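In: Got a sequence here, can you model it:
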Amino acid sequence: MPPSHPVNGAQSVERACALLRRIAAGHAEGVPLRRLVDDTGLDRTTAWRLVSSLAAQGLVHKDEATGLYHLGLEAAALGAACMDRSPLVRACLPAMKALARLSGDNVFLVVRSGDHSHCLHLEEGEHRVRSFALNVGGTRLLGQGVGSIALLARLGDDALVAHYRRHEAEY
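Out: The predicted structure follows:
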């Protein structure tokens with residue numbers, strides 16, 4: 001929750017947080033710079049400078065095709081980091097443990113975050129692969145890794161083509 005009164009010397013941080021909150025509220029559809037300026041009361045240059053800095057840190061992503069701002073992968077990673085044993089992980093853990101025990105294989109809990117997948121948890125089976133532990137907390141482009149391929153496969157044809165066009169160079 002934001003503080004009820006400004007903290008001396010932290011005006012830039014407060015302004016950046018206001019932009020992040022506004023972008024988060026409109027994440028799904030994206031937020032144009034004009035709306036950020038209108039909603040936060042910042043002048044256009046200040047808003048652009050701050051949102052550009054947030055983008056350089058990965059907290060914000062600007063869709064170059066539309067000019068709209070969305071939360072970036074670093075924002076998702078920070079959010080996931082604070083959710084150690086999140087409600088989703090707790091809900092899935094019994095099934096993941098059972099699958100790992102019955103199959104002997106590793107079981108991953110992977111969620112979609114825009115055009116990427118994020119690994120929330122790994123339940124190791126009898127046939128452990130230590131390097132897989134490095135995937136927990138990691139983010140990958142959809143289609144890179146088994147869980148990520150499964151998420152990509154759920155996209156409709158138009159969404160799949162649009163995704164590929166956005167990331168053709170990365171594939």
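In: Quick check: His121 is in a strand.
Out: Yes. Assessed by DSSP: H, G, I helix; E, B strand; the rest coil, His121 belongs to a strand.
In: Give me the helix or strand of this structure that scores worst on average pLDDT.
Out: For the chain, counting by mean pLDDT, DSSP states H and E, helix 73-81 ranks last in confidence among helices and strands (a mean of 79).
In: hmm, who's touching it?
Out: Contacts to helix 73-81, defined as Cβ atoms under 8 Å, 6 or more residues apart in numbering, come from residues 20, 24, 57-61, 86, 113-114, 116, 118, 120, 137, 139. Every residue, glycine included, has its C-beta placed from N, CA and C.
In: most surrounded residue in those residues?
Out: Neighbour counts for the contacts of helix 73-81 (other Cβ atoms under 10 Å) peak at Val60, which has 25 neighbours.
In: doesn't Leu68 make contact with that residue?
Out: No. Using Cβ atoms under 8 Å as the test, Val60 is too far from Leu68 to be in contact (10.7 Å).
In: where does the chain dip in pLDDT?
Out: For the chain, the stretches with pLDDT under 70 are 1-9, 80-85, 129-134.
In: What segments of the protein are strands?
Out: Ranges of strands in the chain, per DSSP state E, are 60-62, 69-71, 107-113, 116-123, 139-141.
In: Tally up the residues packed near Val13, please.
Out: If we define neighbours as other Cβ under 10 Å, then Val13 has 11 of them.
In: Actually, Val146.
Out: 8.
In: With Val111 as the reference, measure out to it.
Out: According to Cβ to Cβ, to the nearest Å, Val146 and Val111 sit 14 Å apart.
In: same question, Glu64
Out: Glu64 is 25 Å from Val111, by Cβ to Cβ.
In: between these two, which one's more packed in?
Out: The neighbour count for Glu64 versus Val111, taken as other Cβ under 10 Å, is higher for Val111 (16 against 8).
In: Apart from its chain neighbours, what residue comes closest to the more buried one?
Out: Here the nearest residue to Val111 in space, its sequence neighbours aside, is His118; by Cβ to Cβ, 6 or more residues apart in numbering that works out to 5.5 Å.
In: Likewise for Leu68?
Out: Gly30 (2.8 Å).
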